[in-house]
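**Q** starting from these lines, generate the structure:
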Amino acid sequence: MSTPLAGGGGGGGGVAVLSSSVENGGGVDSSPPAAKRCLDKCELKSPILIFLYFHKAILNELEALHKFAVAYATGRRADIEPLLERYHFLRSMYKHHSSAEDEVIFPALDIRVKNVAQTYSLEHEGESNLFDHLFDLLNNVARMDENFPRELASCTGALQTSISQHMAKEEEQVFPLLIEKFSFEEQASLVWQFLCSIPVNMMMEFLPWLSSSISNEEYQDLCKCISKIVPEEELLQQVIFNWMKGSDAACTVEPYPDGPQAQPVMSNSSKCACDSSKTGKRKRSESSVNFSDSTSSHPIDEILLWHSAIKRELLEIADEARKIQVCGDFMDLSSFNERLQFIAEVCIFHSIAEDKVIFPAVDVELSFIQEHAEEESQLSEFRCLIERFQSAGATSTSSADFYEKLCSHADQIIETIQRHFHSEEVQVLPLARTHFSFKRQQELLYQSLCMMPLKLIERVLPWLVGSLGKEEAMNFIRNMQSAAPASDAALVTLFSGWACKGRGQGVCLSPCGTGFCPFKRSSDIEEDYIQTSCACASSLSARSLSSQADDTKRPVKQNATITCEDGNAVGSSENLNACELPCSDRSCHVPGLGVNSSNLGLSSLSTAKSLRSLSFNSSAPSLNSSLFIWETDGQSSDDGRIERPIDTIFKFHKAIRKDLEFLDVESGKLSDCDETFIRQFIGRFRLLWGLYRAHSNAEDDIVFPALESKEALHNVSHSYTLDHKQEEKLFEDISCVLSELSHLHEKLHRTSLLEQLSGNSEITAGDGTLKYKELATKLQGMCKSIKVTLDQHIFREELELWPLFGKHFSVQDQDKIVGRIIGTTGAEVLQSMLPWVTAALTLDEQNKMMDTWKQATKNTMFNEWLNECLKGTGVSSLQVQSSETSTSRKGIELQETLDQSDQMFKPGWKDIFRMNQNELEAEIRKVYRDSSLDPRRKAYLVQNLMTSRWIAAQQKLPQEVIGETSNGNDIGGPSPSFRDSEKEVFGCEHYKRNCKLRAACCGKLFTCRFCHDKVSDHSMDRKSTKEMMCMVCLEIQPVGPICTTPSCNIFPMAKYYCTICKFFDDERNVYHCPYCNLCRVGKGLGVDYFHCMTCNCCLGMKLASHKCLEKGLETNCPICCDFLFTSSATVRALPCGHYMHSACFQAYTCSHYTCPICSKSLGDMAVYFGMLDALLAAEELPEEYRDRCQDILCNDCDRKGSARFHWLYHKCTYCGSYNTRVIKSEAFDPNCLDSRQ
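**A** Numbers count the residues shown, from 1 in each chain. The predicted structure is shown next:
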């Protein structure tokens, strides 16, 4: 698997760029590793991989711009206006790139591979917000603020990191799926639709810029790939390759400081880049044909034609809505919706053209942005109404309401647009007529048309021209041809041909002599151009164009013949000369794009899903927008209002966000701080890193597999797993820079002290101070990057994944998932995590979280551990209920009440001393009759009552030594003990440790509790131990991990020490399980063990799918009768869910193969049962027993059946097991083998 982040000279991703920008001025290839590997190949094997070139160009530009921002922040001041312009260009490129992906690539992928594309569309929205934030900063008037340069570098770094990670994920997940699920031809079709979905004006800029961003060899490969993607129509090929080459003077490169990239500047006055010596016939100048004497004195009035066509279409839609209301026919709603979608696209792009071309050119304070947004909203609501009704189905009650809303929405849209158009015609057009020349008006109209993508222009031009008169249509085409630059000859030919399709039989309206008639000799456009086929020869009205179907077979044969209107086949240029019809009487034959989405299964809804984002007036559409094809897939019932067990994860998200905010803000202070601040910052960062890693591992190992286990949710979490890998890399990079910064700060501090002590002011840090400032700036940017990355990751998780739990998982299932997460979290992590999480929560949120945890751990000792942990740390913020805390002792009085932790019992000690044997037995009978007690509680109380006198005597012993000094003089034998006396290794036969424990019960010193119990008539409670003796200095001191006497110099008592169990071990891996509340041998929870909340025991990670038995370990071994839960010997889980010691299992299975508790087989007995089959087949019963049978019960499948008589072996007729028992014998039954009950 490739490295997710984009690689650079010193690290990965956008963060590495910061390093290279500070340490060296050269360019660093920021392409993701996957892109590098593919681009190193001479030839692309898949059309989809053309996106690698797009990615490389965008990432290189991001890197260059970020380098400039970092240099600006570290003192190399320069004019940032060019930076603003280049970011405007980059945002424009990337936003259209993302919108085309959302419109074409992702919906196609979502049809064949579910649950992948939605995440990437959400990431596009987050990246759009990052661009908006960057431009807010760049456009801020307060640029002279001292924090502005570093904030700029941070924002550019965050943007680069976000986009780099997004592209790396696409190359690792999306591209392989596209290559796997789509054939070569389908991939080419997708990429072609992608290119046709980007506005023409952006393609004119994007492709030359892309060509200038790659090497010559890569450019040749790119051209080969594009030639396979574009349909084999010479006119279409010429349009695309003209865009790639630009014009002779186009794409002039302006060198930029510290950056290899350049801003392309398009020139309208330049010639076509692909002109040859034979293209003189298509060259023209404005003087060759003068359209200023045309009947249309003001070309800008064509806007009125657009207004009229839009209003006419909307009126027809409103009339059709009323017809639907009258007839109640819902069969044609799909075509009605497609027609509405088409006019919505036209209105939106018309609005974009006005906002970006017409109104800025007028240069007055005019804005119709609010009106445009209102129109889009109303059109979107109209379409949502239809789609909701289609999905819900018609009912008698819903139909009437639908009819009413349908007509109301149609009338409302017409009213809004008519009012808006009237305002424009009154306020804008008069100014345009006055201030703009004839030529300038034509240019504005042509630029407005190029704001649309090719696939929409192909539909719009016939629709518009079809609504015009012949003279209006001819003027429209004249103006378009006159305004187009010479380099757009092929493009305007294409436009003219499409426009002619709007007239009856596609009659050519192009004026002769202009050089633009699509049916003129092929040499007028290109010497070897051969016109192929008529894309659409039929008359298309406005109503049929919305569902137009072009040629979808790709590629088209280059030598295919064409047919003139008289039906004669034309196969060569000589035959073309035979068609001597007047231009106006011939039919236009121009190729169609062939981007009909039906050949890939794309619905019409996908074609307009992200149009509003093209205007840049708002962020990308939200998931609630009707423009998303999967809008209903990601939505569920409003489960967020109800507290669910899985919502515990939200609490961690809140704490993560709080610490991310801290890192982002406090990192800005690192450039001028002391050593204490750096130490605190590093500690806070490492705490966040450790806890986030635990959180991510829990999601990867438990939460995401649970989601993927549902068939409908396959692939839904893969993108988030990739996020975790990328985020871990970001944390590692920040950790490295923090270490370097800390060492450099320490070095500078020593230099400063030396200067003060020597009094020599000439001692300077040299380049150290500049290096420190650069590292501090770099670190601030990295902290901003990790904050943005994690914020977006968490937001997408909560928006996309978490609603799925309410839809696909019951509360019990969620409890199991939360229990499994908690069960892999060790005590040390919990001790750090609980205060960290609760500090970010309100009191109510704390209580809800703890209630969820207690519900998930109800079968465990978690509450007991939590009480002891809080008692030892003094943390009170977790709001533990008072009923779960024990009552403290007062003086030397004996405690008389029983708390919930089961450490005392009723009646009180004084009552027990006064009781005789009969009274004690009466108390025991009361306990047995108490129905409110569970069996475990009853057993505990009865056992303690029966041993109450001895327990009371033991409880009094510690009171006798209260107040005595612990100097060791009253303790016999304060001497060391050895595990290996020859090597002088401290310890005992049980444990290796460097201390002795003072037993709280008798006050004597013992190496361990086993040594105490071996020589005493009572047991030692190690958790109550308060003091220990160091076996080096022999000093009695409070129990702890190290010796506190100065002579020992912090001598450790053992490698492992548990503050709860007071347990020391100096040779094994030991961990404390907070749910068993015991120390167990192993590397830890989540490493090699997990705690099962049902069984209440620690199991190996390989036993994750074991059979659960509630509190299965809280019992005695069925062989040796030792208590399993606290046993130090290895315990084995049986297939039936019971447990026994491993040693006992080895001895028991030498002669038995069934569980001693439930009698089920202890393993796969197929071989043994096969041997019994062979034995019985060879065995012949006496005649008097041959017809006898016996009723049996199978211990393995728990089913009753019958078997032939045998004194030892009876085979189950259902599962084939011989693990059966006889429940009834019959004297004679000839059909016993077939009888079953």
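**Q** which strand or helix spans residue 1028?
**A** Applying DSSP states H and E as the criterion places residue 1028 in strand 1027-1030.
**Q** which outside residues touch that strand?
**A** 966, 968, 974, 994-998, 1005, 1035-1040, 1043, 1045, 1048, 1051, 1053 (Cβ atoms under 8 Å, 6 or more residues apart in numbering). C-beta here means a position set from N, CA and C on the backbone, and glycine is covered the same way.
**Q** switch to 6 Å and redo it
**A** Residues outside strand 1027-1030 that contact it (Cβ atoms under 6 Å, 6 or more residues apart in numbering) are 966, 995, 996, 997, 998, 1005, 1036, 1039, 1043.
**Q** so which of those residues belong to strands?
**A** Taking DSSP state E, the ones among the contacts of strand 1027-1030 that sit in strands are 995, 996, 997, 998, 1005, 1036.
**Q** burial of the fourth one, as a residue count?
**A** So the one you mean is residue 998. Residues near residue 998, counting by other Cβ atoms under 10 Å, number 23.
**Q** over to the third one?
**A** A count of neighbours around residue 997, defined by other Cβ under 10 Å, yields 25.
**Q** do the last one as well
**A** When counting by other Cβ under 10 Å, one arrives at 18 neighbours for residue 1036.
**Q** so it bridges to which residues?
**A** residue 1029 (DSSP bridges).
**Q** same check on the fifth one?
**A** Listed by DSSP bridges, the beta-bridge partners for residue 1005 are residue 998.
**Q** wait, isn't it in contact with residue 995?
**A** No - Residue 1005 is beyond contact range of residue 995, at 9.5 Å (criterion: Cβ atoms under 6 Å).
**Q** beyond the helix or strand residue 854 falls within, next helix or strand please.
**A** Assigning secondary structure by DSSP H and E places residue 854 in helix 843-856. Using DSSP H and E, the helix or strand that directly follows helix 843-856 along the chain is helix 862-873.
**Q** just the mean pLDDT for that next one, thanks.
**A** Helix 862-873 shows a mean pLDDT of 77.
**Q** wait, what's in contact with the residue nearest to the spatial centre of the chain?
**A** Taking Cα atoms, centre = their mean, the centroid of the chain lies closest to residue 720, which sits 3.3 Å from it. When the contact criterion is Cβ under 6 Å, 6+ apart, residue 720 has no partners at all.
**Q** same question, residue 1155
**A** The neighbourhood of residue 1155, defined by Cβ under 6 Å, 6+ apart, consists of 1134, 1136, 1138.
**Q** any idea which of these is closest to residue 476?
**A** The nearest member of the contacts of residue 1155 to residue 476, counting by Cβ to Cβ, is residue 1136 at 84.1 Å.
**Q** look up phi and psi at the closest one.
**A** Dihedral pair for residue 1136: phi -80, psi -10, per degrees, to the nearest 10.
**Q** give me the neighbour count for the nearest residue to it once chain neighbours are set aside.
**A** In space, and not counting its chain neighbours, residue 1136 is closest to residue 1160: 4.3 Å by Cβ to Cβ, 6 or more residues apart in numbering. Neighbour count for residue 1160, taken as other Cβ under 10 Å: 20.
**Q** for residue 1160, grab phi and psi.
**A** phi -80, psi 160.
**Q** ok, the closest residue to residue 1137 other than its chain neighbours to residue 858 distance?
**A** Spatial nearest neighbour of residue 1137, excluding adjacent residues (Cβ to Cβ, 6+ apart): residue 1109 at 3.6 Å. Distance of residue 1109 to residue 858, computed by Cβ to Cβ, to the nearest Å: 16 Å.
**Q** more neighbours: those two, which one.
**A** Using other Cβ under 10 Å as the criterion, residue 1109 and residue 858 rank with residue 1109 on top: 21 against 14.
**Q** that's a helix at that one, yeah?
**A** No - counting by DSSP: H, G, I helix; E, B strand; the rest coil, residue 1109 is not part of a helix but coil.
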